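In: Predicted coordinates and the sequence they were generated for:
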Amino acid sequence: MSDKTITRRPRLIGPRRTFAIVASTFNEDLVQGLIDACRSELLALMPNASIPLYRVPGAFEIPVCTEYVVKHSGCDVVIALGVVIQGETAHADIIARTVATQLADIAVRHELPVINEVLLVGDEAQARARCFGTELNRGVEAARAAFSMTELFQKLHTAYPGLRERERAGS
């Protein structure tokens, strides 16, 4: 896991983008730290961004909400935020692996960026460093990755206009 975040490259003009956040209410104070850092960074990068927030009970529910948001909202990217703290059993590993796999599947299937910052950490101290820290804040990192992916997808859509529509029509 990297200990560096992506460098901020603000864009003050351009089309408005929608960055949907799907976040767990489990470990609420920690996840709220991710949400706050992510929103703040997104607005620093793109002041006119739309940032709807969708809350789900736990990390396991993030993929189904993400699927719905991707299908029905018209967003440009989804940012998945959650905190899973390792316990004495393999449950946390199973949840984190399942969520990561499902989010990747959604992104590939819909050709839409899904940023996965559902954190699997060993203890609360690690979580706090990643949710509230200044050097290793995963909310900031998620925002920068999402912003970067929207720029890339804008270039792809410009370079290959209508390609997705032709593929769906069977041409």
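Out: Received it, and whenever you're ready, just let me know what you need.
In: Report the rounded mean pLDDT for stretch 33-47.
Out: What stretch 33-47 shows for mean pLDDT is 96.
In: hmm, who's touching that stretch?
Out: Outside stretch 33-47, the residues that touch it by CB atoms under 8 Å, 6 or more residues apart in numbering are 8-12, 14, 17, 19, 21, 23, 49, 51, 53, 79, 81, 83, 117, 119, 128, 130-132, 137-140, 142-144, 146-147. Glycine gets a C-beta too; all of them are placed from N, C-alpha and C.
In: and the longest helix along the chain, what other elements does it pack with?
Out: When the chain is scanned for its longest helix (criterion: DSSP state H), the result is helix 138-159. Judged by 3 or more CB pairs under 8 Å, 6 or more residues apart in numbering; DSSP states H and E, helix 138-159 is in contact with strand 19-24, helix 28-45, strand 77-85, strand 114-121, helix 124-132.
In: Any chance of JSON lines for these, columns distance to residue 106?
Out: Output for the helices and strands packed on helix 138-159, formatted as JSON lines (distance: least, CB to CB, whole Å):
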{"stretch": "strand 19-24", "distance to residue 106": "10"}
{"stretch": "helix 28-45", "distance to residue 106": "19"}
{"stretch": "strand 77-85", "distance to residue 106": "8"}
{"stretch": "strand 114-121", "distance to residue 106": "6"}
{"stretch": "helix 124-132", "distance to residue 106": "23"}
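In: Rebuild the ones you listed as CSV, extending it with distance to residue 99 and mean neighbour count.
Out: Output for the helices and strands packed on helix 138-159, formatted as CSV (distance: least, CB to CB, whole Å; neighbours: other CB atoms under 10 Å):
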stretch, distance to residue 99, mean neighbour count
strand 19-24, 10, 26
helix 28-45, 13, 20
strand 77-85, 7, 26
strand 114-121, 5, 23
helix 124-132, 16, 18
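In: Which among those is found nearest to residue 156?
Out: strand 77-85 (13.1 Å; CB to CB).
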